[in-house]
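Student: Sharing a model prediction with you, sequence too.
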Amino acid sequence: MGWFARIVCLFWGVLLTARANYPNGKNNVPRLKLSYKEMLESNNVITFNGLANSSSYHTFLLDEERSRLYVGAKDHMFSFNLVNIKDFQKIVWPVSYTRRDECKWAGKDILKECANFIKVLKAYNQTHLYACGTGAFHPVCTYVEIGHHPEDNIFKLEDSHFENGRGKSPYDPKLLTASLLIDGELYSGTAADFMGRDFAIFRTLGHHHPIRTEQHDSRWLNDTTGRCLPKYSSDGYHSTFPFKNHLYL
């Protein structure tokens, strides 16, 4: 099965680790359950209503150590204080007028599609995040500096270093992507073309050459039959999953 099997095992290891940390997940009951309506009626809720020139708050990354919630949206990224959601920092990351016009000329909606919708937001190391957006149907990625310590209060785009986001973020903001960043390597399941027809799993970043699943072969994602035996996850946890440690695809 080659590298694809190793990627699946990597995802599987993370799932197994989560299972190990929550062995009785079905029996765990939240101490408090509130519906959205009940929360509003409690008069003890601080809300963020968004910005007039942004939308699509769909990408989230929680940093408990810094007590921050990072959010990716249309043309913006945010860093919210978990204690007080009204305390936040923002990064404006739009596309150039040239990119926007090219997107419009390609027949796309200038308001709903020809913008930079943030689709990937991952912790890269202790001082930076890795972010990718649709870039008005021209995917782009870069790094976000967050400082060494929580008290640094830094949230800054590394605007001197942009990378091609193909295989990391979809072109179309309506399409979803799944990604995992481990040991400096980004594994992404996304569409790799303008038309949104070439779906694949990619390995990018890191020291290895970028690779992907076979092009235009939907069986990789829809009709796979391989299996793998994960020995351990990224933190060394040995699997005890009941299905004899096999993952069927």
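Tutor: Here it is on my side, so go on. Numbering: from 1, shown residues only.

Student: right, and residue 122 touches residue 143 too?
Tutor: No: contact status for residue 122 versus residue 143: not in contact, 10.5 Å apart, counting by C-beta atoms under 8 Å. Just so you know, the C-beta spots here come from the backbone N, C-alpha and C atoms, and that holds for glycine as well.

Student: which residues of the chain fall in strands?
Tutor: Taking DSSP state E, the strands of the chain run over residues 59-63, 68-72, 76-81, 88-92, 118-123, 128-133, 140-145, 156-164, 178-182, 185-191, 199-205, 211-212, 227-228, 247-248.

Student: Tell me the spacing between the closest residue in space to residue 34 that isn't next to it in sequence and residue 48.
Tutor: Spatial nearest neighbour of residue 34, chain neighbours left out: residue 42 (7.4 Å); criterion: C-beta to C-beta, 6 or more residues apart in numbering. Residue 42 is 17 Å from residue 48, where distance means C-beta to C-beta, to the nearest Å.

Student: who's more crowded, those two?
Tutor: More crowded of residue 42 and residue 48, by other C-beta atoms under 10 Å: residue 48, with 12 against 9.

Student: Now do the contacts for the residue nearest to the more buried one when sequence neighbours are not counted.
Tutor: Distances taken as C-beta to C-beta, 6+ apart put residue 85 closest to residue 48, at 5.3 Å, once the chain neighbours are dropped. Counting by C-beta atoms under 8 Å, 6 or more residues apart in numbering, residue 85 touches 46-48.

Student: Kindly reformat those residues as CSV containing distance to residue 199 and pLDDT.
Tutor: Output for the contacts of residue 85, formatted as CSV (distance: C-beta to C-beta, whole Å; pLDDT from 0 to 100):
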residue, distance to residue 199, pLDDT
46, 39, 72
47, 36, 73
48, 33, 73
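
Student: Which of those residues fall within helices?
Tutor: Using DSSP state H, no member of these sits in helices.
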